[in-house]
Every structure is written in structure tokens, then in C-alpha cells.
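In: Provided below for reference: sequence and predicted model.
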Amino acid sequence: IKTLVDVDILDIPLKDKLASAHANGGTNALMQTLRAMDTKKKLKIELEKKLAEGIYREIADQPGVRDKIFQLVKSLFHEFTAVEEQKSLIRNCERLLPEDIGKAEAKKIRNTFVKLRRENEKKKLMAEVELKLR
């Protein structure tokens, strides 16, 4: 069998999110929810790794810093809920996050992210207008 047709979960305890997805949309909805959860987990791991091996590599081995990085990633993913935003955050974390992990606040980082995104959109629009004028 190349495709999954149905999942029988009658006697399997599921988390509420998964159980409601299966109840509302069947196997396809359950698989989409699992895929979304897996993507989010992979992105969190990628960001944690990038912070520990990048911006905060000099202090990452100190006691308690890994926990701070974990908590920072958790708070960032509460602010950045869309997958595209999370991927952009990971790509641009060097520009967005402060060098001092103690000064890193998810809301401030989100504001900086929005500001930079607007500036980039303005630049793109200006470039398009300039091309049309030529």
C-alpha cells in the first residue's frame, strides 16, 4: 500500500489536539496535524541549534545557558506562529537577536522582525516602481 487510507484509533489514547483533529476530519486531518507538529518541532530544534552554535556559541557551554536558549526559542515560537515567519526568523536570527541572551525578549524581537519586513517590502516596491519608470 502506497497511501494510508484510514487509522483505527478506537483504543489508543491521543492528546486532545490529535483526537479532535481525527474526530473532525478523519485520518487526513490527523496526518496534517501530525505533519504540522513535526514541522514545528524540527524548526524549534533548528533554531536552538543555530543559537547555540551561532550567536550564543561562546556562552552556550556555561551552566543554565542551554535552558535560557530553550526558553527563548519557546517564547519566540509563541510570538511567531506562522511557519513562514518561523523559517524567516531562523534565517535572520543573527540580525534579529541581541548578542546578550539576557536582553533577548520575544516581543521586542517580533517588533524588529515586523519593522525589517516592512523595510524590505518598501525596498521591493521602490525597485518595482523604478523599473516601471524606465
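Out: Yes, it's here.

In: buried stuff in the helix or strand residue 129 falls within?
Out: Taking DSSP states H and E as the definition, residue 129 sits inside helix 106-133. Within helix 106-133, the residues that count as buried by 16 or more other Cβ atoms under 10 Å are 106, 109-110, 113. C-betas here are computed from N, CA, C, even on glycine.

In: okay, these in JSON lines with pLDDT and distance to residue 14 next?
Out: Shown next, in JSON lines, are the buried residues of helix 106-133 (pLDDT from 0 to 100; distance: Cβ to Cβ, whole Å):
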{"residue": "106", "pLDDT": "91", "distance to residue 14": "30"}
{"residue": "109", "pLDDT": "93", "distance to residue 14": "34"}
{"residue": "110", "pLDDT": "94", "distance to residue 14": "32"}
{"residue": "113", "pLDDT": "93", "distance to residue 14": "34"}
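
In: so which residues of the chain form helices?
Out: 16-50, 65-79, 83-91, 93-96, 106-133 (DSSP state H).

In: closest one to residue 40 out of the buried residues of helix 106-133, please.
Out: Closest approach between the buried residues of helix 106-133 and residue 40, by Cβ to Cβ: residue 106, at 15.7 Å.

In: my read is that the closest one contacts residue 71, right?
Out: No - in this structure, residue 106 is not within contact of residue 71 by Cβ atoms under 8 Å, at 9.8 Å.

In: tell me the mean pLDDT for stretch 116-126?
Out: For stretch 116-126, mean pLDDT is 92.

In: residue numbering should commence at 55 henceforth.
Out: Renumbered: residue one is now 55, and that last one reads stretch 170-180.

In: can I get the CA coordinates of that stretch in PDB?
Out: Output in PDB follows, covering the C-alpha atoms of stretch 170-180 (Å, rounded to 0.1, in the frame of the first residue of the first chain):
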ATOM      1  CA  LEU A 170      12.600  44.800   8.900                       C
ATOM      2  CA  ARG A 171       9.900  43.000   6.900                       C
ATOM      3  CA  ARG A 172       8.200  46.400   6.200                       C
ATOM      4  CA  GLU A 173      11.500  48.000   5.100                       C
ATOM      5  CA  ASN A 174      12.200  45.100   2.800                       C
ATOM      6  CA  GLU A 175       8.700  45.300   1.300                       C
ATOM      7  CA  LYS A 176       9.200  49.100   0.700                       C
ATOM      8  CA  LYS A 177      12.600  48.400  -1.000                       C
ATOM      9  CA  LYS A 178      11.000  45.900  -3.300                       C
ATOM     10  CA  LEU A 179       8.100  48.200  -4.200                       C
ATOM     11  CA  MET A 180      10.600  51.100  -4.800                       C
END
